[in-house]
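[1] quick one, what's the 3D model for this:
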Amino acid sequence: MKVARVVGTLTATVHQASYDGLTLLVCAPVDGAGAVVGDTFVAVDHAQAGVGDTVLVNAEGGGARMVFGRKLTDPLAIQDVIVGIVDAMDEG
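    Residues are numbered from 1 along each chain as shown. All right, here's what the predicted structure looks like:
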């Protein structure tokens, strides 16, 4: 899992069928203080997030299969899935 901030949206008229009907969001990883710490990446939204939201991202294919109700042996071209919206972070 990683924490990121949604910085934009992505629209693709031609795409892999796994993305049909899904919302794609551009995310930037953040540290505990909310500062961007890496390169942006694209994640499938499963939590109704929007630009500016801090989100929790499941960053592995097996977890994505579980989120979308697929068997671990089913092919799925999704790696990063937004699974939650972060209300607050405490660097303790």
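[2] grab the nearest non-local neighbour of L56.
    G84 (4.0 Å; CB to CB, 6 or more residues apart in numbering). C-beta: built from backbone N, CA, C; applies to glycine.
[3] confidence score at that neighbour?
    Model confidence at G84, given as pLDDT, is 97.
[4] pull out the buried positions in the helix or strand harbouring it.
    Assessed by DSSP states H and E, G84 sits inside strand 81-85. By neighbour count on 16 or more other CB atoms under 10 Å, the buried set for strand 81-85 is 81-84.
[5] packing partners of it?
    In terms of contacts (3 or more CB pairs under 8 Å, 6 or more residues apart in numbering; DSSP states H and E), strand 81-85 is packed against strand 41-45, strand 54-58, helix 61-67.
[6] how about a cut-off of 6 Å?
    Using 3 or more CB pairs under 6 Å, 6 or more residues apart in numbering; DSSP states H and E, the elements in contact with strand 81-85 are strand 41-45, strand 54-58.
[7] what about V30, how many neighbours?
    Neighbourhood size, V30 [other CB atoms under 10 Å]: 19.
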